[in-house]
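Chemist: fold the following and give me the result.
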Amino acid sequence: MARPRKPTKILQFTGAFDKNPDRAKAREHEPKDTPPIQDGAPEWMTEAEQKAWRWVIAHAHPGVLTTADSGIVELTAQLRALVVQHIADSKDRAQLRTCYNDLGMTPASRSKVSAKPQEKEENEFAAV
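Modeler: Residues are numbered from 1 along each chain as shown. So this is what the prediction gives:
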């Protein structure tokens, strides 16, 4: 089975595009970022799933999750609720671990996400 494609955000954070600018050109027509994901869980979720949603949002790497990630966050919250309620089977637990990996929430996947310090833009009027 082929390796899953790394998200563009992770490649940007790790500096992969700085090392190989052609990689960025191949992804320039990719959909742009959407707004950050909201803290509020969907109303259709159970109370346990909503609590799990809030946990996922609180424990995700800052600045990574956007509204486009809502689907995987919903699935992660549903699986986490099953695990917390002790009604998950081994397949549910394995799927939850995969979701955590996809969201950069395991030690191994988190090590692949590192945000560069933002450079401050010089203000041309500051020296005046």
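Chemist: quick one: contacts for residue 61?
Modeler: When the contact criterion is Cβ atoms under 8 Å, 6 or more residues apart in numbering, the partners of residue 61 are 103, 104, 105, 110, 113. All C-beta atoms are positioned from the backbone trio N, CA, C, and that covers glycine.
Chemist: look up how far residue 48 lies from it.
Modeler: When distance is defined by Cβ to Cβ, to the nearest Å, residue 61 is 24 Å away from residue 48.
Chemist: for residue 34, same thing?
Modeler: Per Cβ to Cβ, residue 34 is found 27 Å from residue 48.
Chemist: then residue 10?
Modeler: 30 Å.
Chemist: also residue 36?
Modeler: Between residue 36 and residue 48 the computed distance is 24 Å (Cβ to Cβ).
Chemist: just residue 58 next, same as before
Modeler: For residue 58, the distance to residue 48 - Cβ to Cβ - is 16 Å.
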